[in-house]
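Participant: Fold the stuff below for me.
(3 chains)
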Amino acid sequence: MGATRVTETLVLSLLLLLSGSSATQRKKTRAAPRMPRKQMVFYFHDILYNGENAKNATSAIVGAPAWGNRTILAGQNHFGNVVVFDDPITLDNNLLSIPVGRAQGFYLYDRKDYFTAWLGFSFFFNSTLHRGSITFAGADPLNKTRDISVIGGTGDFFMARGIATLMTDAVEGDVYFRLQVYIKLFECWYLV
Amino acid sequence: MGATRVTETLVLSLLLLLSGSSATQRKKTRAAPRMPRKQMVFYFHDILYNGENAKNATSAIVGAPAWGNRTILAGQNHFGNVVVFDDPITLDNNLLSIPVGRAQGFYLYDRKDYFTAWLGFSFFFNSTLHRGSITFAGADPLNKTRDISVIGGTGDFFMARGIATLMTDAVEGDVYFRLQVYIKLFECWYLV
Amino acid sequence: MGATRVTETLVLSLLLLLSGSSATQRKKTRAAPRMPRKQMVFYFHDILYNGENAKNATSAIVGAPAWGNRTILAGQNHFGNVVVFDDPITLDNNLLSIPVGRAQGFYLYDRKDYFTAWLGFSFFFNSTLHRGSITFAGADPLNKTRDISVIGGTGDFFMARGIATLMTDAVEGDVYFRLQVYIKLFECWYLV
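Facilitator: Residues are numbered from 1 along each chain as shown, chains lettered A, B, ... in the order given. Sure, this is the predicted structure:
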């Protein structure tokens, strides 16, 4: 036990020294983490309810500004529309492929002068491929590619941290869009 | 100072070596973190406004799909309903126990063919027991037990990370439910 | 390679020993992280749509309880109102200063008997000053100052963790408020 204490003290000392290291040295330690521990690519498919596609729709407008309604996306770049979704996740860009999970949560349009969105959703898996969930949140400027944060995970993705690069892979009017999601997960050291 | 530099270099080298370790070794380092640093169990109680219980209600429907309204949960497994809540947290499963905090945030139902939800909320404490907040987010498949992510914390729960296991402890129609929340917090090493 | 393995084993042993350290020792390692790696102060400005200020408004009510509507904040401390916003971020407390980014997301009022809110939003930057986003979530008790969690980041704020202290800097009726946001970011060690 004495030896353990000595070792602990040694490690703690090293940690504390390291904590006080110069910015230069910190940069060195930060360089490495940029390589993700796990990378995955998925697609998900959103079919918005428009009053006529109740059978196929996977999402619905549930919030709208005073000038909007819940079957047509509002003017002013849909500012204020809140959409709840439960979208199939596929491994390729084919809507008809067998889903490997569900993308569940919401997005909202938050800008009057051009399109931007804010997302809060999870990828939920319950198959032999993956079991568990990854949760994402963040601003989506709706550029060609854009990053949002991985804010948590459960099951196979316990304590996941990282980012996801979104790319709009297809759009059909206001009814259908498909997103490619390139997930990069990193690892963190946790003390018990 | 020279010695400090040497020590830092040593630690950095170890870190970098470790970063390049094989998957097998990484698994070993990951095994330990599964034991949480802090475990807590709470209950919270949700009484949904239904047009007649304004005095007791702790939550209200604030978003609904085109086919829904804001006093009755919508058909199709409440798909698209968004509910805002401010629910009492208790240490046992008794609604009348003295609350130790408030569960505040929202949930939404996101699936047409059966019940699933997505949650974003915080446990807010301001007593001698705890001071601060824990924030949760994630998909809720509404199984018997299910995990969601702890995505942040403040005060006593500064920088909290972990998971919470939810269990529906009681349901009374569409008006009342009680969740048991078993919180497991882990610790992360942070560099200054 | 043999030497590498030895070193790895050494580090792993130290880590495992450390993992089992007593609470006293853990407190020592936790003391250091309280000094943030990066600190920043910003202001953001929210002008709520009230039916008459369509040109200037930066936010809109998109969800309301059964007793509310979408141009006037509801009674009972706005309980149940959900507001989507895209607000200019400035470096000082002047609404007319050149914005350095946008605060985008939503807030909701979640308590009947006094004001409390829950926030999910991002600071989005795309200038020479900063490029990337910081995402925040958490309960806002609307005290003089209160903390919410930084739950993620992208770009310059890749993998950001920390807290933000909010202070309401100005309020003008139900139409305008200005928040000061003091962001404290911390660093985490990530394994590749």
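
Participant: the strands in chain A, which residues?
Facilitator: For chain A, strands defined by DSSP state E occupy the ranges A:38-47, A:59-63, A:82-90, A:101-109, A:117-126, A:131-140, A:145-155, A:161-172, A:176-188, A:190-191.

Participant: For chain C, find the nearest of the ones you listed.
Facilitator: The closest of the strands of chain A to chain C is strand A:145-155. By Cβ to the nearest Cβ, the value is 2.5 Å. Every C-beta, even on glycine, is put in place using the N, C-alpha and C of the backbone.

Participant: Now do the buried residues in that closest one.
Facilitator: Burial within strand A:145-155, assessed by neighbour count using 16 or more other Cβ atoms under 10 Å in any protein chain shown, is assigned to A:146-155.

Participant: Who does it pair with, and is each partner parallel or antiparallel?
Facilitator: Applying DSSP bridges, strand A:145-155 is found paired with strand A:131-140 (antiparallel), strand A:161-172 (antiparallel).

Participant: need the strands of chain A in a markdown table with mean pLDDT, can you?
Facilitator: Output for the strands of chain A, formatted as a markdown table (pLDDT from 0 to 100):
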| stretch | mean pLDDT |
| --- | --- |
| strand A:38-47 | 97 |
| strand A:59-63 | 95 |
| strand A:82-90 | 97 |
| strand A:101-109 | 97 |
| strand A:117-126 | 97 |
| strand A:131-140 | 97 |
| strand A:145-155 | 96 |
| strand A:161-172 | 95 |
| strand A:176-188 | 92 |
| strand A:190-191 | 52 |
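
Participant: For the ones you listed, could you give me CSV that also reports distance to B:Phe124?
Facilitator: Formatted as CSV, the strands of chain A follow (distance: least, Cβ to Cβ, whole Å):
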stretch, distance to B:Phe124
strand A:38-47, 33
strand A:59-63, 24
strand A:82-90, 24
strand A:101-109, 22
strand A:117-126, 19
strand A:131-140, 19
strand A:145-155, 19
strand A:161-172, 24
strand A:176-188, 26
strand A:190-191, 25
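
Participant: Which among those is found nearest to B:Asn126?
Facilitator: Relative to B:Asn126, the nearest member of the strands of chain A by Cβ to Cβ is strand A:145-155, separated by 24.5 Å.

Participant: Pick out the residue closest to the middle of chain A.
Facilitator: A:Phe136 (3.0 Å; Cα atoms, centre = their mean).

Participant: What residues are bridge-paired with that residue?
Facilitator: A:Phe121, A:Val150.

Participant: Thought A:Ile151 was touching it, still the case?
Facilitator: Yes: counting by Cβ atoms under 8 Å, A:Phe136 does reach A:Ile151; the two are 6.6 Å apart.

Participant: Smallest gap between chain A and chain B, at which residue?
Facilitator: A:Gly152 (2.5 Å).

Participant: Look up how far B:Lys112 lies from the residue nearest to that residue when sequence neighbours are not counted.
Facilitator: The shortest distance from A:Gly152 to any non-neighbouring residue, by Cβ to Cβ, 6 or more residues apart in numbering or on different chains, is to B:Ser149 (2.5 Å). Distance, B:Ser149 to B:Lys112, using Cβ to Cβ, to the nearest Å: 25 Å.

Participant: just to revisit the earlier point, deepest in the core, which of the strands paired with strand A:145-155 is it.
Facilitator: Of all the strands paired with strand A:145-155, strand A:131-140 carries the top mean neighbour count, a mean of 27, counting by mean count of other Cβ atoms under 10 Å in any protein chain shown.

Participant: could I get that strand in CSV with only the CA atoms?
Facilitator: In CSV, the C-alpha atoms belonging to strand A:131-140 read as follows (Å, rounded to 0.1, in the frame of the first residue of the first chain):
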residue,chain,number,x,y,z
ARG,A,131,-26.8,-1.3,-29.9
GLY,A,132,-27.1,2.0,-28.2
SER,A,133,-27.4,5.7,-29.2
ILE,A,134,-25.4,8.7,-30.2
THR,A,135,-26.8,12.1,-29.4
PHE,A,136,-26.0,15.2,-31.5
ALA,A,137,-26.7,18.9,-31.1
GLY,A,138,-25.8,22.2,-32.7
ALA,A,139,-26.2,24.9,-35.2
ASP,A,140,-26.5,23.8,-38.8
